[in-house]
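Enquirer: No sequence on hand, only this structure:
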C-alpha cells in the first residue's frame, strides 16, 4: 500500500512579495499545476491515499479556479482517498454547503476521526475550540495495528499555555503511533517519536519566499509486511536559494562578479535566487548593486542582490577629524549600549546619507 503525505500547499497564495504581477500570477498557477502533477504521480504509482496535513489553501476566500482544480482532481480519481485535515489557513472547506461531498474525500473535526484500511488506522484531529486535555487523553489506538496520526501545528515537548496549534510530542510518545504526519512547518523533517514511531513534517510542496529555500515536495509512504517505510520526494517546479557571498577584500565590481559566479555555479536556471553580499569592507568602498543585479538576473527565473557587508572602520582615524562625518562617527562610537556590528551598520547608513546616497 502506498500513501502520500503532503501539507502546506497554500493554493491561491498571491506570490507578490518578491515578484512582479506577471511572475506572481505565473507562480500562483505553477503551484496549482504542481498539485495536479502530484495527484497524477499518485495515479501513475498506484498510491491509494493522499493525506493533506493542513493548509491546502492560503486564505479564507478561495478562487473558483483553485476550488475547481482541487474538486476535479478528487472526483477524477475515485480510486484514491483524499484525507483532508484543515490547518490554520483553511476555513470551512472548499465545497459549497449544499454540494455533495465526493465519496473519496475524507475530512476531520475537533474530535478524533478514524479511517480504517485493513490493518492500518489513520486518525486525525483539528485544533478548533478544543481543550488540550481532550486532544491527548481521547486518542486511543490499538497496539497490534499500524497507526498513522495526522495533525497540523508547531511541535513542542512541553505544554504551552494560551498557545494554539501546539503539538505536544511528549504526550504522543506512548500512544502506539507508527507515523505522525504533521503540517505547519514548511521544511521536511523526520525524527523519532518514542521507541515505536516517527514524526514527520512533509514541508510545503512549493517554496513561496526566501524563508522557504531548498528542496520541497512530499513524503511517500510504503506499507509492506506491517511496516511503514517513508521517502521524501522532491517535487517542486522551482527551488529557492539564499546564497551568501563573502566580498572581503574585493574592491572592484569585477572581483565581486567572480565570487558571485563561483557561488551560483550549478544552480538551475529555473530557480529563484537571493544573493547576500557578506563579509567586511573598508569605509567608503562602493558596490554597484543595480549593475550586479542586471549582470546576473538573466541567469535565473528571479534574482535579487542584497548588500549586507560589515564596515571595517579604524575609529581612531576619525578621533580628531573636523567634519560633520567625523562628528557623527564619534557620536556613534561613544554609544556604549551598541555592539561593534551595530555601530558599523549605523555608521555605514549615516555616511551614505551624508554623502547624498540612497539609504
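Expert: Received it, and whenever you're ready, just let me know what you need. Note that the structure is predicted; figures quoted are calculated from it, not measured.
Enquirer: Residue 19 is in contact with residue 13, isn't it?
Expert: No: with contacts counted by CB atoms under 8 Å, residue 19 stays clear of residue 13, the gap being 11.0 Å. The C-beta positions use only the backbone N, C-alpha and C, and glycine is treated the same way.
Enquirer: Which residue, neighbours along the chain excluded, lies closest to residue 344?
Expert: Of all residues not flanking residue 344 in the chain, residue 311 sits nearest, at 4.3 Å (CB to CB, 6 or more residues apart in numbering).
Enquirer: do the same with residue 288
Expert: The nearest residue in space to residue 288 (CB to CB, 6+ apart) is residue 253, at 5.8 Å.
Enquirer: What of residue 215?
Expert: In space, and not counting its chain neighbours, residue 215 is closest to residue 234: 4.3 Å by CB to CB, 6+ apart.
Enquirer: hang on, the earlier thing: my guess is the residue nearest to residue 288 meets residue 292, correct?
Expert: Yes: if you go by CB under 8 Å, residue 253 and residue 292 touch, sitting 6.8 Å apart.
Enquirer: Looking only at neighbour counts, state which of these two leads.
Expert: Neighbour totals were compared for residue 253 and residue 292, and residue 292 leads with 19 against 15 (other CB atoms under 10 Å).
Enquirer: which SSE is the more buried one in?
Expert: helix 289-296 (DSSP states H and E).
Enquirer: And that helix, what's buried?
Expert: 289, 292, 295-296 (16 or more other CB atoms under 10 Å).
Enquirer: okay, the residues you listed in TSV with distance to residue 204 next?
Expert: Shown next, in TSV, are the buried residues of helix 289-296 (distance: CB to CB, whole Å):
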residue	distance to residue 204
289	30
292	30
295	31
296	26
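Enquirer: Quick check: which element contains residue 70?
Expert: Residue-wise, residue 70 maps onto helix 64-75 under DSSP H and E.
Enquirer: next one: that helix to chain centre, how far?
Expert: 23 Å (CA atoms, centre = their mean, to the nearest Å).
Enquirer: The following helix or strand past it to helix 64-75, inter-axis angle?
Expert: Per DSSP H and E, the first helix or strand lying C-terminal to helix 64-75 is strand 81-85. Orientation of strand 81-85 against helix 64-75 (axes from the mean of the first three to the mean of the last three CA atoms, to 10 degrees) gives an angle of 130 degrees.
Enquirer: Do me a favour and average the pLDDT over strand 81-85.
Expert: Summarised as a single mean, pLDDT over strand 81-85 is 97.
Enquirer: With stretch 4-22 instead?
Expert: Here stretch 4-22 scores 92 as its mean pLDDT.
Enquirer: how about the helix or strand that contains residue 242: buried residues?
Expert: Assigned by DSSP H and E, residue 242 belongs to strand 240-246. Within strand 240-246, the residues scored as buried using 16+ other CB under 10 Å are 240-241, 243, 245.
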